[in-house]
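Asker: A structural model of the following input is requested.
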Amino acid sequence: MNPSRTDTIAAALILITATAQEKTAPMDAGYVRMEIPAKVLTDQVFQAKIVMRNTGSRAWREDKGTHTRLRSQYPDDNMTWDTNYMIQGQGVNVEPGAECVFTSNLKAPEEPGTHVFRWRAALAAGDRAFFGEPTARAEIVVRKRDEQSPPPPPRPARGGERVLAIDDFEYAGSIAIPRAVQGAGADWSGSGLALKIAPEAMRPAALGSGTAVVPFSRTIE
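Answerer: Residues are numbered from 1 along each chain as shown. The predicted model follows:
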């Protein structure tokens, strides 16, 4: 092959590669899948798992100004699920091309009906701008809770102690700083649940004995 032709082809490939790299946005995200229930009861706490891929050229790092969260969509920052964001997680770094699993316990609205479930990546600090593609537009059917449902039976005591059950916890939001428990100190709660230690009169009525966590029931890709 003619040397000059070889040099021309090599230069063209380098230019194409450089151009492609320039077109890759520093902060970008692609939707992979999510796991959510199809139906819940009003005011019911349920777990949601959303997987996003870092398709940008920069890593999502907590200490580099690129810490990422998911914010609710349709409309932007709506509070349908009792919070408008899910956090990336403390100490979690997501390199370009890697996937990040956002997991949080959310709470269904008080009003029954069919509600949209959709999220999109955004910066957790600075201008908090949205970036990348949103999740699929899913819907969750919220059914009215039966007010006459009896409370679950109490757990049997074991020498004055008992195993903690879901009713010993209350929904505290997607991110919370729980009160200290038995001198253990307060800490970050990624689950959204905190141990009930407040007086009974101060607990939200919606978080009574009927509250339960709903397991994953479908995957949406």
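Asker: next SSE after the worst-scoring helix or strand of the chain on mean pLDDT?
Answerer: Least confident helix or strand of the chain, by mean pLDDT, DSSP states H and E, is helix 3-23 with a mean of 57. Counting by DSSP states H and E, the next helix or strand C-terminal to helix 3-23 is strand 29-36.
Asker: residues contacting that following strand, please?
Answerer: 46, 48-56, 68, 99, 117, 120-121, 131-136, 138, 140, 216-221 (C-beta atoms under 8 Å, 6 or more residues apart in numbering). Any C-beta I mention is one placed from the backbone N, CA and C, and that applies to glycine too.
Asker: pairing partners for that strand, with directions?
Answerer: Here strand 29-36 has these sheet partners by DSSP bridges: strand 45-54 (antiparallel), strand 218-220 (antiparallel).
Asker: now residue 97: how far from residue 29?
Answerer: 12 Å (C-beta to C-beta, to the nearest Å).
Asker: hey, what's in contact with both of the two?
Answerer: Shared contacts of residue 97 and residue 29, defined by C-beta under 8 Å, 6+ apart, comprise 53, 54, 55.
Asker: number of residues surrounding the second one?
Answerer: Same thing as residue 54. A total of 24 residues lie near residue 54 under the criterion other C-beta atoms under 10 Å.
Asker: contacts only, for it.
Answerer: Residue 54 touches 28, 29, 60, 94, 95, 96, 97, 98, 99, 100, counting by C-beta under 8 Å, 6+ apart.
Asker: which of these count as buried?
Answerer: Taking 16 or more other C-beta atoms under 10 Å as the criterion, what is buried in the contacts of residue 54 is 28, 29, 60, 94, 100.
Asker: what is the nearest of the residues you listed to residue 79?
Answerer: Residue 79 lies nearest to residue 29 out of those, by C-beta to C-beta, at 22.3 Å.
Asker: quick check, pLDDT for that closest one.
Answerer: The model reports residue 29 with a pLDDT of 98.
Asker: adjust the sequence numbering to begin at 25 for everything that follows.
Answerer: Sounds good: first residue 25 from here, last item residue 53.
Asker: and it, bridged to which residues?
Answerer: Beta-bridge pairing of residue 53 under DSSP bridges involves residue 78.
Asker: so how far is residue 104 from it?
Answerer: Distance of residue 53 to residue 104, computed by C-beta to C-beta: 21 Å.
Asker: any idea how far residue 88 is from the closest residue to residue 142 other than its chain neighbours?
Answerer: Using C-beta to C-beta, 6 or more residues apart in numbering and skipping the chain neighbours, the partner closest in space to residue 142 is residue 97 (4.2 Å). Between residue 97 and residue 88 the computed distance is 25 Å (C-beta to C-beta).
Asker: with residue 106 instead?
Answerer: Residue 106 sits 30 Å away from residue 88 when distances are taken as C-beta to C-beta.
Asker: ok, now residue 165?
Answerer: Taken as C-beta to C-beta, the span from residue 165 to residue 88 is 40 Å.
Asker: and those two? Which one has more around it.
Answerer: Shown here are residue 165 and residue 88; by other C-beta under 10 Å, residue 165 has more neighbours (13 against 10).
Asker: low-confidence regions, this structure specifically.
Answerer: 25-46, 172-186, 190, 194-218, 220-241 (pLDDT under 70).
Asker: domain parsing for it?
Answerer: Domain ranges of the chain: 53-170, 190-231, per automatic domain parsing.
Asker: end to end, how far does the first one reach?
Answerer: To tie it back to what came earlier, the one meant is domain 53-170. From its first residue to its last, domain 53-170 covers 40 Å (C-alpha to C-alpha, to the nearest Å).
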